[in-house]
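Chemist: Return a 3D structure for these sequence lines:
(chains A, B and C)
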Amino acid sequence: MVIKTEPFVVNIGPAHPSTHGVFRMRATLDGEVILDIEPVFGYLHRGIEKLAEERTYTQIIPLTDRLDYLASMSNNLAYVLAVEKLAGIAAPERAEYLRVIMAELQRIASHLIGVGAFLNDCGAFMTPILYMIREREKILDLFEMVSGQRLTYNYMRIGGVSHDIPEEFLPALDKFIKGMPGFIDEYDQLLQENEILLARSKGVGILSGEQAINISASGPVLRASGIKWDIRKVDPYSIYDRFEFEMPTGSAGDCYDRYRVRVEEMRQSVRILKQAVEKLPPGEVRSEVSHLVRPPAGEAYGHIESPRGELGFYLVSDNSIAPYRFHVRAPSLLNLTALREMVVGWKVADVLAIFGSIDICMGEVDR
Amino acid sequence: MSLFDPGLNPSAYYPGTLPPEWPGGYWIHWGVFVVIILAFVLLMAMGFIWLERREVGRFQARLGPNRVGPFGVLQPVADAIKVLTKEDIIPAKGDKLVYWLAPVVAFVPALMVFAVVPFQDGALLADLNIGILYVVAISSVSVVGVFMAGWSSNNKYSLLGAMRAVSQVVSYEIPLGLSILGVVVLTGSLSLNSIVEAQHIPFILLQPLGFLIYLAAAAAEINRTPFDLLEADSEIVAGFHTEYSGMKFALFYLVEYCEVLAVSVIVTTLFLAGWKGPLLPPLLWFLIKVFGVFAVIVWVRATVPRLRVDQVMAFAWKCLLPLALINLLITGIQVLVWPEILPWAAVFLNLAIMVVLILLWSKFFKLGGGRVEV
Amino acid sequence: MTVALSGGEIAARLEERFPGSVVESGQDSLLVKSESLRAAAGFLKTAPGLEFDYLTAITGVDYYDYFEVVYQLTSIRHNHSLVVKARCYGRGNPALPSVVSLWQGADFQEREIYDLMGIRFEGHPNLKRIVLWDGFTGYPLRKDYLQW
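Modeler: Predicted coordinates for the structure are as follows:
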C-alpha cells in the first residue's frame, strides 16, 4: 500500500538567522528532501546603478563601499581601476603598494567571516566565528588607523589612495603578519579532520568544473571545482605580477573544498603582505587628478579578484563629470545561479551549509 | 567482597518503604523527599544555566555573563524574571488544548526521574527494584510533549522540528537501554541503590565502551549538540518551540536543563559510583561528579558542529547499536568466566577492547546517505 | 595577461560563417544584428581557436535611440576576451534572443536587464522581475524614467 504524500512549500528567510542578509528561498520539500528551490531577492535593492548616473566619479566611491560591505576595499579598488583605465590615469608606486596591502588585508578579513559563517551554519554554535571575529578585529583596527572607519572605508581615490599611512600602521601590521599564520594553523588543526565537519561538507553540494564555467562562477567557488582561474594570475592588475603566491584549487567542488580553498587563500594573502611590506617605496600616494575628472568618451570594463569572485565595473562615459552608465558585475549574483543545481536532492540542513559555503553578500546581489 | 557481589542492601527487602518505626511511615518520607527533590532540581537547573553560559563563554574567548550578581550568579534569576514578564502568545489556528498541555507533558517526566536517584546511602524517594528500567521508561514520555508542541503550533518549521525529534529519540532508546544493560549485568540488580553499592571500582573503568555509548545516546535523547538538530538555530529557527513565549517557553527551557541534569545524575550513579568518595561528605561528592559530567557535556557543545538528521539515524542504528550489543556480549562473558582475583586486569582488557572496536568502526562506517535523485 | 581580441579579426571569421550578421566592428568591440545574435554566440562558444566558454557580464545601456546590450565574453582555455554588442531599436517593446541555453550564467543577468530596462529576452525560461517586486510598473534604469 502506497501512502499518499504531498510536497509542501516552506519559506526559508528573509529574516532568518542564517541567510547572510535578507534572502529568501522558497523550498518545495518532500519530508526533508528538497525537490525544488527558488531564490527570491531584491530586498536590499537601493538603485546604486541609477544613483551613480547623477554623481561625479569621485562621489561614486562611497557608493561602491556599500555594495559588498564585507570587502569594501576591494570594491573601491575595482572601481578606481576601471575609471583609471577609462581615463588613462596612472597611480604612483607607493599608492599601488598600499592598494595591494589593503586589498590583501581585506581578503583575509572577508574570508574570516566567510569561513566562520559557514561553520556557524553547520551548527558549531558560534565558537569558530567568534575566534574569527577576534582576529578580524585586529584587521579592523588597522583599517581604522588608515581611514578612520571600520566597515565602509572610502579609501581609494582615482589616481591613488586618499591619505598616507600613519606611523603606527607598519609596526602593527608586522605584528599581525607574524601572528596570523599561527592562528590559521591552530584553527585548521581543530577543524581540518573533524569527523562531523567532514560528514557535513564532504561530497555535499557538488559543482563540477564545466557547470561552474557555464554559470559564470568565479572566485573560490570556481577554483574549488578545479578550474585554475584567478584574475590576479591570469590578468594581473595593479602590480600583482610582482608578487609570488600560489593559487589554491580544489578538486571535487564540494563544500569542504570551498572551505579549504578559502583557508589556503588566507595563507597566501599573508605571504603577499609580507612581500609588499618589504618592498614598500616612499613617495606620493596620489597623482594630480581633478575632483571633477572628465574621462574621454568611451567605455571600459575593469575587474579584480575580490574575496567573493570576479568583481567588475563597466563604465560608459560621455566626457562629462558623471558616468553615462555604471554597471556592477557582482560575483555573488552569478555564484547564486548554481544554487538550484547544487541543492536539489539534498536535505534541509544541507541547504544552509551549501548556501554558506558559496559565501555571498546581499549588498552586491541586490545593489 | 568480590567485584561482582552486590553487597548487603536492606532496602532490597523492603522495596518502596521505610523501616516501620517512623510515625506516619511512608508519607512523611515521601513529603520530605518531594521537597528535597524539587529544591534540588530547581536550584541545580539554575546552577547549570549559569555554568553553561560561563563555560561556553570561556570556550569562545569571551567572558560569560558577569554583571548580575558576583560572577553573574544571579543571571538565571534575571532570565526567569524576563521570561515570566513576557506576553503569552497563542497561535490563532493552533490546537489550544494541546498547545497548553505540551510543556506540562514534557516537563513532568523529567522531574519524575529523580525519584529513584540515591543522594546518599539509602536516601532516595523510592527504592524501586526496577530502578533503571523506570528511568528509561519515564524519560521517553517527554518526547510526546515535544511532538504535541510541534503539532499544535500550526507552523511548518515546528512540525519539521517535531518530526525530527520523534525519530531521533525513538532511535536512540535502544543503544541507551543496551548500554545500561552492561552495568546491570555487572551488578545483578536494576535498583539504582544497589548499583551504587556495587561499585567498588567505578563502572566507568570496567565499562568504558558502555559509558561512551550511554553518553552519546543520552546526548541524543536530550537534544544536545552534536545532535541538537531539533532546535538548530541556524536551520529551522527554534524548532518545536518557535511559537512559545512567556511561561510556557520557560517550561521548555527548564525541561532541557532538567533533562540534562537527569542525565548527569544517572551517569554519576551508574558509572561514577554516585556518592562514594574518600574524604568529603557524600552529598558533596555527588554534586562534584554531577557538575563534572555536565561540564563535559557543555564542552562538547561548544566545540563540535551539528550532524544532519539522516547522519544521526545512521549513527544510532549502524554504529551505536552494534557496539552496544558487542559490549553486552563481552560483559556477559566476563561475568560468567572472569576469576574474581583480578579486577584491575579487567579494566585494562576492557579499555583495550574499547579502543580496538572504536578504531575498527570508524574505519568502516560511513555516516549517512547522500543525494537523493528527484 | 588576458588578451582582448580586436573586433576586426573576429568579425571576419563571423562574416564568413554567417554572412550579414556583423553590423560594424572596431578595435575593442563587435556589433552584431539582433536576429543573428544566438547563432553568432553559439559559433563564438564552440569554434576552435575561439571557444568563449565563460560569459563574464551582460550589461544593458540606454542610448536614447536604441538599447544596446553588451556581452563580455572570456575564454578560460585560451585566456582571451571579446566584447560583443547587440542593439534593439524602438522603446515600445525592445526584444533580443536570449543566450541562456548557451551560458546559464546569463539567467539572472538577463532577468535584471528586463526588470530595470524593459528589454525582453526571447527564449528565457523564467523572465520575471528579479530585484523589484512583481507589481512594479516602469523600468527605472531607462533614461526617461521619472520617479514622481
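Chemist: mean confidence for stretch B:358-366?
Modeler: The average of the pLDDT scores along stretch B:358-366 is 80.
Chemist: and if you look at stretch B:200-219?
Modeler: What stretch B:200-219 shows for mean pLDDT is 86.
Chemist: Could I have the CA atoms of it written out in PDB?
Modeler: Output of stretch B:200-219 as PDB, limited to C-alpha atoms (Å, rounded to 0.1, in the frame of the first residue of the first chain):
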ATOM      1  CA  HIS B 200      34.000  -0.800  44.400                       C
ATOM      2  CA  ILE B 201      35.700   0.200  41.200                       C
ATOM      3  CA  PRO B 202      33.700   2.800  39.400                       C
ATOM      4  CA  PHE B 203      32.000   1.200  36.400                       C
ATOM      5  CA  ILE B 204      33.400   3.800  34.000                       C
ATOM      6  CA  LEU B 205      36.700   1.800  34.300                       C
ATOM      7  CA  LEU B 206      35.000  -1.500  33.800                       C
ATOM      8  CA  GLN B 207      32.700  -0.400  31.100                       C
ATOM      9  CA  PRO B 208      34.400   2.300  29.100                       C
ATOM     10  CA  LEU B 209      32.600   1.500  25.900                       C
ATOM     11  CA  GLY B 210      29.300   1.400  27.700                       C
ATOM     12  CA  PHE B 211      30.000   4.800  29.200                       C
ATOM     13  CA  LEU B 212      30.700   6.400  25.900                       C
ATOM     14  CA  ILE B 213      27.700   4.800  24.200                       C
ATOM     15  CA  TYR B 214      25.500   5.900  27.100                       C
ATOM     16  CA  LEU B 215      26.800   9.400  26.900                       C
ATOM     17  CA  ALA B 216      26.200   9.600  23.200                       C
ATOM     18  CA  ALA B 217      22.800   8.100  23.300                       C
ATOM     19  CA  ALA B 218      21.700  10.300  26.200                       C
ATOM     20  CA  ALA B 219      23.000  13.400  24.500                       C
END
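Chemist: can you tell if that stretch touches chain A?
Modeler: No - no part of stretch B:200-219 sits near chain A under the criterion C-beta under 8 Å from any C-beta of the partner chain; the closest distance found is 12.4 Å. Glycine gets a C-beta too; all of them are placed from N, C-alpha and C.
Chemist: What is the burial count for residue B:107?
Modeler: 18 (other C-beta atoms under 10 Å in any protein chain shown).
Chemist: that's a strand at it, yeah?
Modeler: No - looking at residue B:107 with DSSP: H, G, I helix; E, B strand; the rest coil, it is helix, so not inside a strand.
Chemist: Retrieve the pLDDT associated with it.
Modeler: Listed pLDDT for residue B:107 reads 88.
Chemist: Pull the contacting residues for it.
Modeler: If you count contacts by C-beta atoms under 8 Å, 6 or more residues apart in numbering or on different chains, residue B:107 has them with B:145, B:251, B:254, B:255, B:258.
Chemist: Dump these into TSV; add distance to residue A:273 as well.
Modeler: Supplementary listing: the contacts of residue B:107 in TSV, determined by distance: C-beta to C-beta, whole Å:
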residue	distance to residue A:273
B:145	55
B:251	53
B:254	51
B:255	51
B:258	52
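Chemist: In TSV, list those residues along with secondary structure.
Modeler: Compiled in TSV, these are given as follows (three-state DSSP):
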residue	secondary structure
B:145	helix
B:251	helix
B:254	helix
B:255	helix
B:258	helix
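Chemist: Endpoint to endpoint, stretch A:343-351 covers what distance?
Modeler: One end of stretch A:343-351 to the other measures 6 Å (C-alpha to C-alpha, to the nearest Å).
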